[in-house]
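1. here is a sequence with its predicted model. Questions after.
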Amino acid sequence: MKRLAGLLPIPLFLLFMWLVLNMTLSAGNIVFGLLLAAALAAAASTLRPLRACVRHPAAIVKLVVHVVADILRSNAAVARLIWLGKRSGATPGFLEIPLDIRDPHGLAALACIVTYTPGTVWASFSDETRTLTLHVLDLKDEAQWTHTIKHRYERPLMEIFE
């Protein structure tokens, strides 16, 4: 039953989108939408052999709160840097951060978080050394950036996925 519940969201979303795009709730459209949604969901499942397993869903809320707060704070900081220009004294640079996270879904989520945050870019990741290379628009305190990535993002992602 739990497996069936995990399979339902995608076909239901596809059916909903089909009905919204067609702007009708006719029986024929619902039946065709169900068939189409089931076929597309089945075809898409073969493209994703490794499934994510969320261990602690409550940690997601804490992580989202941190990410939203950091994105808002970073937007203000980047706006200030742009407004002040050269007078801001920005010191862009690259930073290497050793990562402990192993789950590919957690790594993908970390890459998204870093990329969504203005002023930071995921530059590279070495699978052999497990090192993230991060470009920061204003790299004044490397220890603070390392602490932020390791404790505010990586630790909750490990709690969620590992």
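-> Arrived safely. Just so we're clear, the structure is a prediction, and the values are computed from it rather than from any experiment. Residues are numbered from 1 along each chain as shown.
2. out of everything not next to it in sequence, what's closest to Asp103?
-> In this structure, Asp103 finds its nearest non-sequential neighbour in Phe161, 4.0 Å apart by CB to CB, 6 or more residues apart in numbering. Every C-beta, even on glycine, is put in place using the N, C-alpha and C of the backbone.
3. my read: that neighbour touches Ala52, true?
-> Yes: counting by CB atoms under 8 Å, Phe161 touches Ala52, with 6.7 Å between them.
4. if I look at these two, which residues touch both of them?
-> 103, 105 (CB atoms under 8 Å, 6 or more residues apart in numbering).
5. quick one: terminal-to-terminal distance for stretch 151-162?
-> 15 Å (CA to CA, to the nearest Å).
6. pLDDT of that stretch, averaged?
-> Averaged across stretch 151-162, the pLDDT comes to 93.
7. starting at the chain centroid, how far to it?
-> Put simply, stretch 151-162 sits 12 Å off its chain's centre (CA atoms, centre = their mean, to the nearest Å).
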